[in-house]
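Undergrad: coords please:
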Amino acid sequence: MGCGASSPAGEDPSHTPEGQQGSASAATRQADVSEHSTGAASGGARDSPEQDPLGEEGSDRMGRMPQLGSLPDVSGVKFERGIHTLLGSDASSRNSAQEAKPDLGTLFKPLMEEHARFLFNFVLTFHMNSNSKGGNAAPKVENLPVTKPKLEARQFKSHTMDNVRVRKMCDELLQLEDPTHKMADETAKGKPWMRTLQVSRGKHIHSIRMNNNPDVTIGGYFIISQMLGYIRGLVSLDLSSNELRGAEARVLALGLKYNKSIQDLCIKENSIGTEGATSLADALQQNSTLLFLDLRMNNIRGPGVCVLTDAMTSNRCLTQLDLRWNYTGESSDYVEQALVDLQAFCGRNLKEALTRTRAKMEAEKLSATVELEGSSSAVAESPRPAAVPNGHGSNNNGSEDPSGRPGEPSPSQPPMDPLGDMRHDLHSSRSDMTGSDYLMDDNHVIGRLEVTIISAKNLPQVIWTSGKDGEFLGLPQAYCVFQCNKQRSQSHIMKKDWNPRWDYSCTMDVRSVWNVCAVQVKHSKTLSRTHKEDSMIGTANLPVGAVINWRGVSKSSDGSWRAYHRPIAAGRGSVYHVCKGKDRDGKETDVFDSSELAAKAYDEGAVKKDLDKAVLNFSGEAEFIGQHVKEELFPLAGEDGVDVIGVQAGVSSAVKLRLKYFDLGSNYLEICLEKAACLPRMDAGLGSCDAYCVLCYGDYQYKSRVVRNSLDPCFKQTFRVQVPNDMPETKLLVQVWDWDRFDEDDHMGDAEVQVNVDSILNGTLNGGYG
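TA: Next comes the predicted model:
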């Protein structure tokens, strides 16, 4: 028997509707609508490819969608199911139409700023009340409104909206902001009354409540997504209890990504799941106006929470993300840390927003004071100090001139920081948690992740394009893109194959346990290089915490460990069972003082429930088994969140990955089990044996795969353990057994190896042992 050992080394957007994009970008976005509408009003110009990038062919591909225009600058966005492209308007046409478009950003700016200040105070009061120990109501923030500003709102009754009415609603919303917008209903053109919105021309709608309307399908949400790309006066949108799923959330996320007005979005009591949360996380990385997002009761599990937290590292505007009453999954300790850090990121954004808001309000008060004093001095004909260009006055000693209004503090006084106690309370429950400021440090690394993209299984047919034959289905030329913590690595392209094998390895730095590993399988039309328009076959996401934790094991806040198991055949929403096992004293318990004991209890419970189909921690068919390593097949999901079905009917496509995590403060020992030779004949009828090995090292006890009908079995498995820096000399016991289906397994022999640091470094452990 051969056995070896090795020891590897271990720009900031504003919260105002204008942001920091400036008036030029706002005018450009408005010109998108103007250019589209001008083409509609000019008759024949509407049919030109510059005015309508989709044309008749595009309308047929997209199921004859209403002519609401297209999302600005969204070229190349693709969907697998019927929605192929969203093309932006021509840049030169937008520039030529800028002067003709009214500045809607200036028109809606005061309302949006007032609504944003109300949301800041609401979120701050919510956090103070939830973190206050005495239960008293938190005081209001000075100079911020405590009541919601009056918005022109429309609430649609339950079960009254469908795709047709949604189209009319979106047309009317755009018509109110742009009178030249071409409506799909020609009979409504020019009429002073909007029948769906119940409002006359000249007014604007700032809030839409369309909850409890399940008859709206993905086509209707595609229209809403198009409208969100253009609208500038809509600040609040409620889509709760509409039976939204991952596909609808994917469509909405496209519009939200390029929207510049929505500040309050409610999608509670739906079923967007982890797939929908992933789509929204992609939108949050680019959106610069959304302040409040309600995702309660959406069946978002642990990976979805981690994806949203990962997206918040680059989002600097969202001040509240409500994820209450979502199911976190079997391993909840890293999800708990993700939720704490998510609140810290929101608190960071709120603090920055309040600082900017107070500074702006004080500047406005001071400017008004200077203007008032200037007008008084003009009447009295007495000279006064001149105002500086930024609107601030100055006295003889160079300090800011106070406003002088009774009952108001001087603007020169430093603003208070009401978030200090809140941020402290957010992290007081977990002393090992890191705050958002610490996580924003790019040099902060807690470990390293070694990734091996092994292969893919049962990929689907892809569309090939040929000038001679047009479009046809064929084998994919697949490659993989792996991303983690803003790092990216790409494999080589494999020639046409349903089951490609890459064996591609890369290394990523890890900053937190909730960092998400995302692998994308794509199809390239050439073998030499990749292309921007390469089609997506499927994606798979996995948090780093799922690699660090044993399967089914979770750490409690008191430092103890528990194991949870759910049977393989259990349906969606099934309850996890608490696994019981023996502690170090031999007593049965469900609370353990080490993760290894909890993982052993999980294996015992899984074998009882799942029998031969059980996926275990200390045994299996994988080449690598052990601590901080995960090797398995991960199913691929399409852009709509649905599992990708491969060329074999009814079987999902999957990608096989091996993820090895190295903690910077730990050492690891990898025990390689190669083969055994000249084993005795244990099965009399066949004259052979079914051999497997049991490796015992300290608290670890691993079991290899069973090699059938061989006297010289080849195992080729590696078992990984975590060892301390001052690793003492420890005995490694290898037992060889013969597997029997109906009788008890037969013991064939043992081999002992003394493992110490010197023998590992010198390589004297490699070889055979009898």
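Undergrad: I'd say residue 200 and residue 193 touch.
TA: Yes: counting by C-beta atoms under 8 Å, residue 193 is a contact partner of residue 200 at 5.6 Å. All C-beta atoms are positioned from the backbone trio N, CA, C, and that covers glycine.
Undergrad: Quick check, central residue of this protein?
TA: residue 307 (2.6 Å; C-alpha atoms, centre = their mean).
Undergrad: Return the strand or helix carrying it as CSV; C-alpha atoms alone will do.
TA: Assigned by DSSP states H and E, residue 307 belongs to helix 302-312. This file holds the C-alpha atoms of helix 302-312, laid out as CSV (Å, rounded to 0.1, in the frame of the first residue of the first chain):
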residue,chain,number,x,y,z
GLY,A,302,-28.0,31.6,2.4
PRO,A,303,-26.2,32.0,-1.0
GLY,A,304,-28.6,34.8,-2.0
VAL,A,305,-27.9,36.7,1.2
CYS,A,306,-24.1,36.4,0.6
VAL,A,307,-24.5,37.6,-3.0
LEU,A,308,-26.4,40.7,-1.8
THR,A,309,-23.8,41.4,0.8
ASP,A,310,-21.0,41.0,-1.7
ALA,A,311,-22.7,43.5,-4.0
MET,A,312,-23.0,46.1,-1.2
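Undergrad: helices or strands next to that helix in the packing?
TA: helix 273-284, helix 333-380, strand 516-523, strand 535-543, helix 544-548 (3 or more C-beta pairs under 8 Å, 6 or more residues apart in numbering; DSSP states H and E).
Undergrad: Now do it: distance to the chain's middle.
TA: 4 Å (C-alpha atoms, centre = their mean, to the nearest Å).
Undergrad: Could you do stretch 622-637 as well?
TA: 21 Å.
Undergrad: quick revisit: let me know the next secondary structure element after the helix holding residue 307.
TA: strand 320-322.
Undergrad: So in that sheet, which strands flank that following strand, and in what orientation?
TA: strand 292-294 (parallel) (DSSP bridges).
Undergrad: What pLDDT is listed against the residue nearest to the centre of the chain?
TA: Per-residue confidence at residue 307 stands at 94 (pLDDT).
Undergrad: Break down the stretch 551-700 of the chain into its helices, ranges please.
TA: Remark: helices assigned in the stretch 551-700 of the chain by DSSP state H, counting those that start in this stretch are 595-610.
Undergrad: Poorly predicted segments of it, please.
TA: 571-574 (pLDDT under 70).
Undergrad: Which stretches in the stretch 51-200 of the chain count as strands?
TA: 153-155, 193-194, 199-200 (DSSP state E, counting those that start in this stretch).
Undergrad: For the first one, name the packing helices and strands.
TA: Here strand 153-155 is seen to pack against strand 207-209 when contacts are counted using 3+ C-beta pairs under 8 Å, 6+ apart.
Undergrad: Show me what the strand it packs on is packed against.
TA: Secondary-structure packing of strand 207-209 (3+ C-beta pairs under 8 Å, 6+ apart): strand 153-155, strand 236-238.
Undergrad: Columns distance to residue 177 on top of the helices and strands packed on helix 302-312, output as CSV?
TA: Converted to CSV, those look like this (distance: least, C-beta to C-beta, whole Å):
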stretch, distance to residue 177
helix 273-284, 22
helix 333-380, 26
strand 516-523, 37
strand 535-543, 34
helix 544-548, 45
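Undergrad: Same list (these) but as CSV, adding distance to residue 254 and mean neighbour count.
TA: Converted to CSV, these look like this (distance: least, C-beta to C-beta, whole Å; neighbours: other C-beta atoms under 10 Å):
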stretch, distance to residue 254, mean neighbour count
helix 273-284, 7, 24
helix 333-380, 23, 19
strand 516-523, 18, 22
strand 535-543, 14, 21
helix 544-548, 28, 23
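Undergrad: Which stretch among these approaches residue 737 most closely?
TA: Closest approach to residue 737 among the helices and strands packed on helix 302-312 is made by helix 544-548 (29.8 Å; C-beta to C-beta).
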